[in-house]
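Colleague: Give me the fold of what follows.
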Amino acid sequence: MSSPTFDLTDVQREFRATLRSFCEEKVAPHAAEVDRNAEFPWKSFEACKEMELPALGIPEAYGGAGADTVTQAIAVEELARACASTSLTILISKLGMIPVMNWGSEELKRAYLPRIASGEIQASYCLSEADAGSDVASMRARAVRDGDEYVLTGSKYWITNAGISDVYIVFAKTDPDAGGRGVSCFLVEKEWGLTIAKHEEKLGMRGSPTGEVVLDGVRVPASHRIGEEGQGFTVAMHTLDRSRPTIGAQAVGIAQGAIDCAAEYMEERHAFGGPIADLQGLRFMLADMAMRNEAARALVYRACAMVDHDVTGELTKFGAMAKAFASDNAMSITVDAVQILGGYGYTKDFPAERFLRDVKVTQIYEGTNQVQRVVIARELLRPR
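Modeller: Modelled structure (predicted):
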């Protein structure tokens with residue numbers, strides 16, 4: 001656990017240094033190709049498995065490392081600094097397993113958590129629909145009880161890792177007239193009949209497939225319901241509170257990659273008789289980029305620490321703040337990085353333009369930043 005001042009421990013600093021070297025050697029060399037071909041980063045993912053990174057967020061009792069959330073954030077940062085799509089491969093399975101860890105039966109935990117920890121299988125989180133993105137309670141997917149099974153029907157949109165994942169955490173209405181109180185949560189294996197209707201052609205995060213998941217009468221054992229009937233909305237929001245801070249970490253990592261790219265370019269590029277790093281206008285831009293990212297990192301670590309120890313009950317507020325602040329800053333930072341590189345920044349000869357494209361989605365997924373502001377304001381105005 002990080003200290004109350006959010007200083008990293010010696011172990012965490014050593015972990016960051018190890019991950020930095022690992023990412024530069026095993027992940028970064030594949031990043032441009034993964035982006036160009038829009039293919040899942042299998043080489044990088046296999047390397048992550050060898051480093052046991054999928055195990056970080058899984059409890060030791062189920063074959064994981066049981067790492068604290070700040071340490072998990074460090075891993076996400078370093079991966080995102082090298083290849084944002086690869087960082088998402090680690091984030092998405094953890095997102096899928098948070099409902100199992102916190103709401104699932106012992107049977108489900110023992111059946112799936114060790115296999116996620118080893119990297120044998122991957123998971124997706126199926127909440128959004130075509131007409132139910134920010135307005136989750138209006139989802140139309142149905143789950144009808146039939147003896148010892150549920151029959152699931154409907155489509156889920158913008159699902160990360162669609163087609164790659166082996167298990168899908170699916171939210172559907174067991175009571176269509178009860179709004180948010182009618183949503184339930186299920187763990188669905190791909191082999192049970194779930195299909196992928198299409199994959200999206202995306203601006204960024206191109207190595208992470210995003211698709212439409214279709215359930216056409218898929219039968220799911222009642223044992224694979226997560227929580228009780230009608231608890232699904234609570235499970236979903238509880239999960240996002242604990243995942244949003246690490247989206248902030250992903251944004252910080254991408255921004256750090258952009259800062260480092262800009263700094264290196266400034267030292268190498270010469271104009272007006274010397275390196276452009278001597279130009280005060282650019283030095284000030286770089287300094288501002290670094291300041292904003294350090295502020296975001298501090299807020300992200302604070303929110304991550306709350307995931308493990310929410311003494312004041314403020315995780316919902318700080319998780320939303322960390323995600324929104326870090327991603328908004330990162331978007332601005334990556335735009336500035338492209339500007340510093342000038343014409344080269346607009347080409348694929350340098351990774352700056354990839355950082356800009358990749359980071360945009362951090363302002364959108366797991367709740368748009370407009371939704372985060374709704375959440376923050378609601379928490380601030382809650383009766384004391």
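
Colleague: can you give me the helices for the stretch 51-200 of the chain?
Modeller: 69-82, 84-103, 106-118 (DSSP state H, counting those that start in this stretch).

Colleague: so what secondary structure elements neighbour the last one?
Modeller: When you say that, I think you mean helix 106-118. helix 84-103 (3 or more CB pairs under 8 Å, 6 or more residues apart in numbering; DSSP states H and E). Any C-beta I mention is one placed from the backbone N, CA and C, and that applies to glycine too.

Colleague: let's see 10 Å
Modeller: Applying 3 or more CB pairs under 10 Å, 6 or more residues apart in numbering; DSSP states H and E, we find helix 106-118 packed against helix 84-103, strand 123-126, strand 167-173, strand 183-189.

Colleague: Turn those into TSV, columns for mean neighbour count and distance to G63.
Modeller: Converted to TSV, these look like this (neighbours: other CB atoms under 10 Å; distance: least, CB to CB, whole Å):
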stretch	mean neighbour count	distance to G63
helix 84-103	25	12
strand 123-126	28	15
strand 167-173	26	16
strand 183-189	24	17
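
Colleague: ok, back up a step: switch the helices of the stretch 51-200 of the chain over to CSV; also include distance to T239.
Modeller: Conversion of the helices of the stretch 51-200 of the chain to CSV gives the following (distance: least, CB to CB, whole Å):
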stretch, distance to T239
helix 69-82, 13
helix 84-103, 4
helix 106-118, 15
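
Colleague: now for these, which one comes closest to Y157?
Modeller: With CB to CB, the closest approach to Y157 among those belongs to helix 84-103: 15.4 Å.

Colleague: what is the orientation angle of that closest one with strand 183-189?
Modeller: 120 degrees (axes from the mean of the first three to the mean of the last three CA atoms, to 10 degrees).

Colleague: So what's the gap between helix 84-103 and the chain middle?
Modeller: 7 Å (CA atoms, centre = their mean, to the nearest Å).

Colleague: Any idea which of the helices of the stretch 51-200 of the chain gets closest to F325?
Modeller: helix 69-82 (14.3 Å).

Colleague: hang on, the earlier thing: T18 is nearest to which of the helices and strands packed on helix 106-118?
Modeller: helix 84-103 (15.5 Å).

Colleague: What count of nearby residues applies to the residue lying closest to Y265 once chain neighbours are set aside?
Modeller: Spatial nearest neighbour of Y265, excluding adjacent residues (CB to CB, 6 or more residues apart in numbering): L341 at 5.3 Å. L341 has 23 neighbouring residues, counting by other CB atoms under 10 Å.
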